[in-house]
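**Student:** got a predicted structure here, sequence first:
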Amino acid sequence: CLAGLEKNFEGAITINNLSLEEYLRTHRIAIISQHYSHFPWMTVFQNIAIAFHDQGHSVAQIERSVTALLQRFQLDPFRNYYPHQLSGGMQQRVAIARAIAQDSECILFDEPFGALDAHTRSQMQEFVAHLLQEERRTIVMVTHDVDEALYLSDRVVVMGIHPGVIREIISVPLPRPRNPEVRFEKQFIQLKKSIHYMIRSESITASLTHSSPMRPGNPLTLGLYIWSGNAPWYFAK
């Protein structure tokens, strides 16, 4: 909806006091998806350079700008590689470089690290945290990883299910710049617990709403599909 790709929704979207339609007439909004969204027949250089399409730059300007981005993102040695020759983390760096090249005030991340292994995902989170400090752009990220949300965000929006509505908006008062050790600080852990309780209560509520009737002689059903141990106590809290 924010990118203007989905138009069937209720309510209104405004950016900088402009309606979304007005904003998109003169601005771009970049999207980085979970699946590596590259042109497979183009090299790394070409996949980034395409972001400058229709912006009025000369070939020489594009060459300089893309080279600067390749160096900044540590991709210069791979400029003539094709996407299938890169690791998952490198492919996402190419996607982020292309988003930066579009000069968007707002960049949308749709679970961009979901397909990465844990080590690479951690590296990419640190990379984006550093990028946020340098670029000062608005990033809207969809993620199911609570640690990732808290580490990267200024605000965390907790969504409900059935229907998908906003349940809570939580400010993250952790100072920037943030290093990976912030995850072990007391304030981070308290925020993480709070969000997990919200998510758990949403899941239990949905299960209670949509479960089948209790069967006689089964004391552990409690309106849930599966007995989940401490779930009622989380719900109570």
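**Tutor:** Arrived safely.

**Student:** quick check: which ranges of this structure have low pLDDT?
**Tutor:** Filtered on pLDDT under 70, the chain yields the residue ranges 162, 209-237.

**Student:** how about the helices in the protein?
**Tutor:** Along the chain, the stretches classed as helices by DSSP state H are 20-26, 44-49, 59-72, 88-101, 118-135, 146-152, 186-210, 231-236.

**Student:** looking at those helices, spot the one closest to residue 174.
**Tutor:** Closest approach to residue 174 among these (Cβ to Cβ): helix 186-210, 6.5 Å. For every residue, glycine as well, the C-beta is placed using N, CA and C.

**Student:** still on that earlier bit, so which of the helices of the chain comes closest to residue 13?
**Tutor:** Closest approach to residue 13 among these (Cβ to Cβ): helix 20-26, 4.2 Å.

**Student:** okay, the helices of the chain in a markdown table with mean neighbour count and distance to residue 169 next?
**Tutor:** Formatted as a markdown table, the helices of the chain follow (neighbours: other Cβ atoms under 10 Å; distance: least, Cβ to Cβ, whole Å):
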| stretch | mean neighbour count | distance to residue 169 |
| --- | --- | --- |
| helix 20-26 | 13 | 20 |
| helix 44-49 | 22 | 34 |
| helix 59-72 | 15 | 33 |
| helix 88-101 | 21 | 25 |
| helix 118-135 | 15 | 19 |
| helix 146-152 | 20 | 12 |
| helix 186-210 | 15 | 11 |
| helix 231-236 | 14 | 21 |
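
**Student:** okay, those in TSV with distance to residue 3 next?
**Tutor:** As requested, those are arranged in TSV below (distance: least, Cβ to Cβ, whole Å):
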stretch	distance to residue 3
helix 20-26	8
helix 44-49	19
helix 59-72	22
helix 88-101	12
helix 118-135	19
helix 146-152	20
helix 186-210	25
helix 231-236	35
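
**Student:** what's the closest of those helices to residue 109?
**Tutor:** helix 118-135 (8.0 Å).

**Student:** contacts for the closest one next, please.
**Tutor:** Identification of contacts with helix 118-135 by Cβ atoms under 8 Å, 6 or more residues apart in numbering yields 87-89, 92-93, 96, 100, 109, 112-113, 116, 139, 148, 151-152, 176-178, 180.

**Student:** end to end on stretch 16-25, go ahead and measure it.
**Tutor:** Distance between the two ends of stretch 16-25: 13 Å, counting by Cα to Cα, to the nearest Å.

**Student:** could you find the closest non-adjacent residue to residue 27?
**Tutor:** residue 105 (6.4 Å; Cβ to Cβ, 6 or more residues apart in numbering).

**Student:** which residues touch the nearest residue to residue 191 once chain neighbours are set aside?
**Tutor:** Spatial nearest neighbour of residue 191, chain neighbours left out: residue 150 (5.6 Å); criterion: Cβ to Cβ, 6+ apart. By Cβ under 8 Å, 6+ apart, the residues touching residue 150 are 156, 172, 174, 183, 188, 191-192, 195.
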